[in-house]
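A.B. asks: 3D, please:
(one chain, ligands or ions: 2)
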Amino acid sequence: MNINTVKTTPFTDQRPGTSGLRKKVAVFQQPPYLHNFVQAIFDTQVSLKGGTLVLGGDGRYYNREAIQVIIKMAAANGVARVLVGRGGLLSTPAASAMIRKYETQGGIILSASHNPGGPDGDFGIKFNTPNGGPAAEGVTEAIFEHTKTLHEYRIMELPDIDIDHLTEHTIGTMRVEVIDPVADYAELMEQLFDFAAMRALIQGGFRLCFDAMHAITGPYAHEILERRLGAPAGSVINGEPKQDFGGGHPDPNLTYAEELVAQMFGADAPDLGAASDGDGDRNMILGANFFVTPSDSLAVLAANAELVPGYRGRLNGVARSMPTSCAVDKVAEKLEIACFETPTGWKFFGNLLDAGRIVFCGEESFGSGSDHVREKDGLWAVLYWLNILAVRQQSVAEIMKAHWAEYGRNYYTRHDYEGIGLEAARGLMAHVESQLPQLVGRELAGSTVSYADNFSYRDPVDGSVSRNQGLRIGFADGSRIIYRLSGTGTEGATLRLYIEHYEADPGRVRGETQQVLAGLITLAAEIAELRERTGRSAPTVIT
Ligand code: G1P
Ligand code: ZN
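C.D. replies: Ligands and ions are numbered 1, 2, ... in the order given. Presented below is the predicted three-dimensional model:
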């Protein structure tokens, strides 16, 4: 077997975004685009030499090809052992669990998360460090810097290897073990949750519907929900992973999880509805005719930790990303535990989790998780809810209403303006930022602005500072308006507008969320000259 050292020219656009490097499939398909980035990982992450690498992806189009390239490059770069999910599959949380369990030197996850797949869709690659989490900014920046000067990559010359059977291969001095992508993960879930109580609940006639959206969680949900917990066949829908996610958009929200939403808001709806995204780290939770916002979900998980075996008696802190609603802050206040506010992106939770400062963390973007892995975890959240439901014997809506009665309610919405021009988006952000100093102390939309700034975060563990993490306007009554540009898109710019209003007495304000927030939404648009600058009169997606 020959190691080929191939001359290459650097690319200038390989800076990882909120969650790894994401581009159109066609970009990755053009050699040496993938090769260069992978070489930059091997060159900068020196412990991989002689170490173990976990490898897998969400099964989207080009996953299999990329896996073969990475195995051959790993062999040429001195990696001692690769653990690859059968079929090249691993959900993001399962990859994280595996990196930790086998004490490896890291993992490469192939995914563009909730972005559509297929030949015209998106592809992505990210490196996770030995703690199981997405590489911190220092690491992703080092990889990026290296891609700008890279002039060769190394690859072993050999035919594709069989990744579809649970076998082992030896390539030069490297071992490749093809492993069951589900088993370790399912076992971890059994350690955290009360499977007996959940099984009893389901046996008693409780009905659930899990929509895997033709993405990675299908095999995981079939195994855990149907086989281990006894949910009747058919409880998992769209459970067969497809390279293009069946042509759908694998993002679990009210717009894209159509089939699930139709069931949950139809006659004779199941008791619990849930969905996950392309790579299995997001979740949406629904009750019969009831939607739980992700921010509220995080608060409920924290408030009910005593009911769940894996978390009883050990909740010392929580964290949420800055744009996530402050619902979990109220729970932390009452429990007298720490509550951290981090920039958007899971990588910012890693240090807090590693240092044992928090147990739960979450984002408004349908992500929540705990210290069991270093990624957000879609099925984990579903099992957590199921565990709560099994113990409390109340409906999803009853649990949520009781929560609001106790802690107050954070009305919350996110408006996305997708595919607007980069220039327009940057101009809008600059325009908002320029007004921030004058806003403080002003009375707007019925409350006084108490702060207005460009969010900057100082990591309490390593002291690193991340600036420019979103523009925020905070009001004395707890309301907030936040503007951010997405860091995961692959075309133009996406403006995210996050709006929140806190109501201490949930009995007082009645009405639908968009109505309650209407005044703030209008104000946010006016401050940003939204219509004038983007030409849009309505958001693309409302969550
Ligand atoms: C989005 C979400 C963010 C999440 C990320 C990866 O990033 O807003 O919370 O961590 O996807 O799933 P954005 O496009 O806003 O940068
Ligand atoms: Zn995802």
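
A.B. asks: wait, what's in contact with the nearest residue to Asp296 once chain neighbours are set aside?
C.D. replies: Nearest in space to Asp296, with sequence neighbours left out and distances taken as CB to CB, 6 or more residues apart in numbering, is Ala327 at 5.3 Å. Quick note: C-beta positions are derived from backbone N, CA and C, even for glycine. By CB atoms under 8 Å, 6 or more residues apart in numbering, the contact list for Ala327 reads Ser295, Asp296, Leu298, Ala299, Tyr407, Arg409, Asn410, Tyr412.

A.B. asks: What is the burial count for the fifth one?
C.D. replies: Think Tyr407. Neighbourhood size, Tyr407 [other CB atoms under 10 Å]: 22.

A.B. asks: Same question for the nearest residue to it once chain neighbours are set aside, what's its three-state structure.
C.D. replies: Nearest non-adjacent residue to Tyr407, counting by CB to CB, 6+ apart: Lys330, 4.2 Å away. Classification of Lys330 by DSSP: H, G, I helix; E, B strand; the rest coil places it in helix.

A.B. asks: What of Phe123?
C.D. replies: Here Phe123 is recorded as strand under three-state DSSP.

A.B. asks: Am I right that it is in contact with Tyr61?
C.D. replies: Yes - between Phe123 and Tyr61 there is a contact under CB atoms under 8 Å: 7.4 Å.

A.B. asks: hey, what's in contact with both of those two?
C.D. replies: Applying CB under 8 Å, 6+ apart, one finds that Phe123 and Tyr61 are jointly contacted by Val25, Gly117.

A.B. asks: Of the two, give the one with the bigger neighbour count.
C.D. replies: Ranked by neighbour count (other CB under 10 Å), Phe123 and Tyr61 place Phe123 first, with 29 against 20.

A.B. asks: Please list all residues in contact with that one.
C.D. replies: Counting by CB under 8 Å, 6+ apart, Phe123 touches 22-25, 27-28, 60-62, 66, 110, 112, 117.

A.B. asks: picking up where we left off before, format the contacts of Ala327 as CSV; extra columns: distance to ligand 1, secondary structure and pLDDT.
C.D. replies: Compiled in CSV, these are given as follows (distance: CB to the nearest ligand atom, whole Å; DSSP: H, G, I helix; E, B strand; the rest coil; pLDDT from 0 to 100):
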residue, distance to ligand 1, secondary structure, pLDDT
Ser295, 11, helix, 97
Asp296, 16, helix, 97
Leu298, 12, helix, 98
Ala299, 17, helix, 98
Tyr407, 23, helix, 96
Arg409, 22, strand, 95
Asn410, 17, strand, 96
Tyr412, 14, strand, 96
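
A.B. asks: Tell me which residue of this structure lies closest to ligand 2.
C.D. replies: Ser113 (3.2 Å; CB to the ion).

A.B. asks: now the contacts of Phe123 in CSV, with secondary structure and pLDDT?
C.D. replies: Below are these laid out as CSV (DSSP: H, G, I helix; E, B strand; the rest coil; pLDDT from 0 to 100):
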residue, secondary structure, pLDDT
Arg22, strand, 95
Lys23, strand, 95
Lys24, strand, 96
Val25, helix, 97
Val27, helix, 97
Phe28, helix, 97
Arg60, coil, 97
Tyr61, coil, 97
Tyr62, coil, 98
Ala66, helix, 98
Leu110, strand, 98
Ala112, coil, 95
Gly117, coil, 95
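
A.B. asks: Ligand 1 next: which of those are close?
C.D. replies: For ligand 1, no contacts are drawn from the contacts of Phe123 by CB under 6 Å from any ligand atom.

A.B. asks: So which other helices or strands are in contact with the biggest helix by length in the chain?
C.D. replies: Across the chain, the longest stretch assigned as helix under DSSP state H is helix 422-439. In terms of contacts (3 or more CB pairs under 8 Å, 6 or more residues apart in numbering; DSSP states H and E), helix 422-439 is packed against strand 447-454, strand 471-475, strand 480-485, strand 493-503, helix 518-528, helix 530-534.

A.B. asks: still on that earlier bit, in contact with the residue nearest to Tyr407, which residues?
C.D. replies: Ala299, Tyr407, Gly408, Asn410 are the contacts of Lys330 under CB under 8 Å, 6+ apart.

A.B. asks: Of those - the most surrounded one?
C.D. replies: The most crowded member of the contacts of Lys330, judged by other CB under 10 Å, is Ala299 (31 neighbours).

A.B. asks: and the nearest residue to that residue once chain neighbours are set aside, what pLDDT?
C.D. replies: In space, and not counting its chain neighbours, Ala299 is closest to Ala327: 3.8 Å by CB to CB, 6+ apart. Note on Ala327: pLDDT of 98.

A.B. asks: Begin at 732, not 1, for the rest of this chat.
C.D. replies: In the new count, where the first residue is 732, that last one comes out as Ala1058.

A.B. asks: Now the phi/psi pair for Ala1058, please.
C.D. replies: Dihedral angles of Ala1058 (phi, psi; degrees, to the nearest 10) stand at phi -60, psi -40.

A.B. asks: quick one on the thing from earlier: adding mean neighbour count, distance to ligand 1 and mean pLDDT, write the helices and strands packed on helix 1153-1170 out as CSV.
C.D. replies: Shown next, in CSV, are the helices and strands packed on helix 1153-1170 (neighbours: other CB atoms under 10 Å; distance: least, CB to the nearest ligand atom, whole Å; pLDDT from 0 to 100):
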stretch, mean neighbour count, distance to ligand 1, mean pLDDT
strand 1178-1185, 16, 16, 96
strand 1202-1206, 22, 14, 97
strand 1211-1216, 23, 6, 97
strand 1224-1234, 22, 6, 96
helix 1249-1259, 18, 17, 96
helix 1261-1265, 17, 17, 95
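
A.B. asks: No more questions from me, cheers.
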